[in-house]
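K.L.:
Need coordinates for the below:
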Amino acid sequence: RQMTTGAVQRDVILYNCIISACEKQGKWQHALLLLAKMEEDLRADVISYNASISACEKGNQWHRAVDLLLQLRQKRLQEDMISYSS
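P.N.:
Okay, the predicted model is just below:
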């Protein structure tokens, strides 16, 4: 059981790394697709949302960034300073 939990944690970290890479490359659409896929397979965390919010901000998609912030709250994930500064 511990191995399964570790694998899930690694999957979340891997998704977050890829979403962050999309954000750095200005690929906000890909970041959002990955976040949606992540939500199907796993449970996205605040880091996932922050990276996606930042990708939207860099792509001048502020309305999508606001939507993601609202989703973050709806999922009862604790937003942080990065959530608001992205």
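K.L.:
Quick check: closest non-adjacent residue to the residue nearest to the spatial centre of the chain.
P.N.:
Averaging the C-alpha coordinates of the chain gives a centre point, and the residue nearest to it by Cα atoms, centre = their mean is residue 48 (2.3 Å). Taking Cβ to Cβ, 6 or more residues apart in numbering as the measure, residue 48 lies nearest to residue 16, with 5.4 Å between them; neighbours along the chain are not counted. Glycine gets a C-beta too; all of them are placed from N, C-alpha and C.
K.L.:
That neighbour reaches residue 46, doesn't it?
P.N.:
No: contact status for residue 16 versus residue 46: not in contact, 10.0 Å apart, counting by Cβ atoms under 8 Å.
K.L.:
before we move on, back to that, check which helix or strand the residue nearest to the centre of the chain maps to.
P.N.:
Element membership for residue 48, per DSSP states H and E: helix 46-58.
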